[in-house]
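A.B. asks: model this:
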Amino acid sequence: MASRRLNSDRFFTRDFTPAVYTPEGMRWIDETTMVTVLLRHCPELAPALRSSKNAFTPWLRTNRR
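C.D. replies: Numbering: from 1, shown residues only. This next block holds a predicted model:
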């Protein structure tokens with residue numbers, strides 16, 4: 001069902017262009033990862049995510065509680 005919704009959303013298909021998102025917006029999309037989103041909103045996760053390039057892989061254990 002999720003793939004069907006994505007394929008029918010114009011902002012992920014025909015309107016996924018610099019004309020709609022602006023060149024700066026397209027660059028932001030290309031450079032943003034789930035790790036950067038998490039760190040932007042929860043900077044205290046930095047020690048656990050410090051070596052992660054993918055937020056969906058196991059994070060480092062920290063001694064903080």
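
A.B. asks: show me the contacts for Asn54.
C.D. replies: Asn54 makes contact with Thr33, Met34, Val35, according to CB atoms under 8 Å, 6 or more residues apart in numbering. C-beta here means a position set from N, CA and C on the backbone, and glycine is covered the same way.

A.B. asks: Surely Lys62 and Ala46 touch.
C.D. replies: To be clear, residue 62 is Thr; Lys isn't right here. No. The pair Thr62 / Ala46 is not scored as a contact, 9.6 Å apart, by CB atoms under 8 Å.

A.B. asks: Confirm for me that Val20 is in contact with Thr13.
C.D. replies: No. Shown here, Val20 and Thr13 do not form a contact pair, counting by CB under 8 Å, at 11.0 Å.

A.B. asks: and the biggest helix by length in the chain, what's its mean pLDDT?
C.D. replies: Among the elements of the chain assigned as helix by DSSP state H, the one spanning the most residues is helix 18-31. Per-residue pLDDT over helix 18-31 has a mean of 95.

A.B. asks: could you check the angle helix 18-31 makes with the helix or strand following that helix?
C.D. replies: Next along the chain after helix 18-31, taking DSSP states H and E as the criterion, comes helix 34-41. For helix 34-41 against helix 18-31, the angle by axes from the mean of the first three to the mean of the last three CA atoms, to 10 degrees is 90 degrees.
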